[in-house]
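[1] I need the structure of the sequence given here:
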Amino acid sequence: MVLRELRDNEIKLLQDFLYEAIFIPEGVEPPAREIVFQPELKIYYENFGAGEADFCIVADDGNRAVGAVWTRIMNDYGHVDANTPSFAISLYKDYRGQGIGTQMMNKMLALLKEKGYKQASLAVQKANYAVRMYKKVGFRTVTENEEEYIMVCEL
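    Down below sits the predicted model:
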């Protein structure tokens, strides 16, 4: 598995990875793929690369990108302030549980630190198994609501 930057001709993949990132609780029917075109989700990929904190690292199995972690400063669910990039991360199901997500997160956190950012944020549903990984790489809960944790990692 190689971790590399997203190529310009792969930006459309962010729509795919965004859909894969949607947490679907056990027994709940997945939403239609078109959900990624809703305004509150389009902010994760629309005009990606234009913002100063638009960074994306993909996991490549030698044939294709099978996972991605990307950041933007955007008014999303995990937004904390105008200087803090928000995270999105996704892996295709067959590649989960192998440590790839943790590797991608660590690489992105190192990149953000190198670029001078002081912290990064994300939102995650409380029932999502990824909460453990986020804590493991240094995120801590700063606020929460009934369904989600808002987490920050100091860089």
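[2] what comes up buried for the lengthiest helix in the chain?
    Determined from DSSP state H, the single longest helix within the chain is helix 100-114. Residues I100, G101, Q103, M104, M105, M108, L109, L111, L112 are the ones in helix 100-114 that count as buried (16 or more other Cβ atoms under 10 Å). Every residue, glycine included, has its C-beta placed from N, CA and C.
[3] just send those residues back as a markdown table, with distance to R64 too.
    Below are the buried residues of helix 100-114 laid out as a markdown table (distance: Cβ to Cβ, whole Å):
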| residue | distance to R64 |
| --- | --- |
| I100 | 14 |
| G101 | 17 |
| Q103 | 17 |
| M104 | 15 |
| M105 | 20 |
| M108 | 20 |
| L109 | 24 |
| L111 | 22 |
| L112 | 25 |
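[4] in JSON lines, list those residues along with distance to I73 and pLDDT.
    Formatted as JSON lines, those follow (distance: Cβ to Cβ, whole Å; pLDDT from 0 to 100):
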{"residue": "I100", "distance to I73": "25", "pLDDT": "96"}
{"residue": "G101", "distance to I73": "22", "pLDDT": "94"}
{"residue": "Q103", "distance to I73": "24", "pLDDT": "96"}
{"residue": "M104", "distance to I73": "19", "pLDDT": "97"}
{"residue": "M105", "distance to I73": "18", "pLDDT": "96"}
{"residue": "M108", "distance to I73": "14", "pLDDT": "98"}
{"residue": "L109", "distance to I73": "16", "pLDDT": "98"}
{"residue": "L111", "distance to I73": "15", "pLDDT": "97"}
{"residue": "L112", "distance to I73": "11", "pLDDT": "98"}
